[in-house]
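Asks: Following is a predicted model, sequence given first.
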Amino acid sequence: MTREEKSQVIQDLTAVLAGTNTLYLADISGLNAQSTSNLRRACFKAGVQLSVVKNTLLAKAMEASDKDFGNLPSVLKGNTSMMIAEASNAPAKLIKDFRKKSKKPLLKGAFAEESVYIGDEQLDALVDIKSREELIGEIIGLLQSPAKNVISALQSGGQKLSGILKTLSEK
């Protein structure tokens, strides 16, 4: 690989890093062809982009990026695969599910929701991260519950002014 080609790869990786808020680094070495194919298929179905990267080029792209990856470049040893997704917990769920059948992939580290997670023991914490859509859904559900209670109480109290006032005073 020539110096110009390396420079182009670093620029491409820097652009990818700038366009995502979720980056997982995993070790998928040792998977046979069938397992690798199954992992790639599962990634595709889950909306996770999986690609093998060269550690030195990814480290240089992280340095060139505007984001603070903290100690994440320190895990760039051995074989490294990069997993990128829209939902912060999608790669973690995929890894956890895939490891029911295999010992790999191992989580090396992750950058999710502007936080850095180092080590495979962080997998459960990453699975528990809620996406923006999940949080919005929970908030809407919590906000709708009291309004529904008031409306149903008003309807059950009758249409008279005294029934409405009594219901409101109880609430």
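Replies: In hand now; what should we look at?
Asks: from here on, contacts and neighbour counts on C-alpha atoms
Replies: OK.
Asks: What distance do you get for the residue sitting nearest the centre point of the chain to I136?
Replies: The centre of the chain sits closest to S88, judged by C-alpha atoms, centre = their mean, with a distance of 1.3 Å. Distance from S88 to I136, counting by C-alpha to C-alpha, to the nearest Å: 15 Å.
Asks: tell me the domain boundaries of the chain?
Replies: 3-129, 131-170 (the TED database).
Asks: Pipe those domains into TSV and attach mean pLDDT per row.
Replies: Formatted as TSV, those follow (pLDDT from 0 to 100):
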stretch	mean pLDDT
domain 3-129	90
domain 131-170	69
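Asks: correct me, but the residue nearest to the centre of the chain touches E113?
Replies: Yes. Counting by C-alpha atoms under 8 Å, S88 touches E113, with 6.9 Å between them.
Asks: can you give me the strands in this protein?
Replies: 22-27, 49-53, 80-84, 106-112, 115-118 (DSSP state E).
Asks: Which elements pack onto the fourth one?
Replies: Okay, so that is strand 106-112. strand 22-27, strand 115-118 (3 or more C-alpha pairs under 8 Å, 6 or more residues apart in numbering; DSSP states H and E).
Asks: mind checking how far it is from the chain centre?
Replies: Taking C-alpha atoms, centre = their mean, to the nearest Å, one finds the center of strand 106-112 at 10 Å from the center of the full chain.
Asks: neighbouring strands for it, and are they parallel or not?
Replies: strand 22-27 (antiparallel), strand 115-118 (antiparallel) (DSSP bridges).
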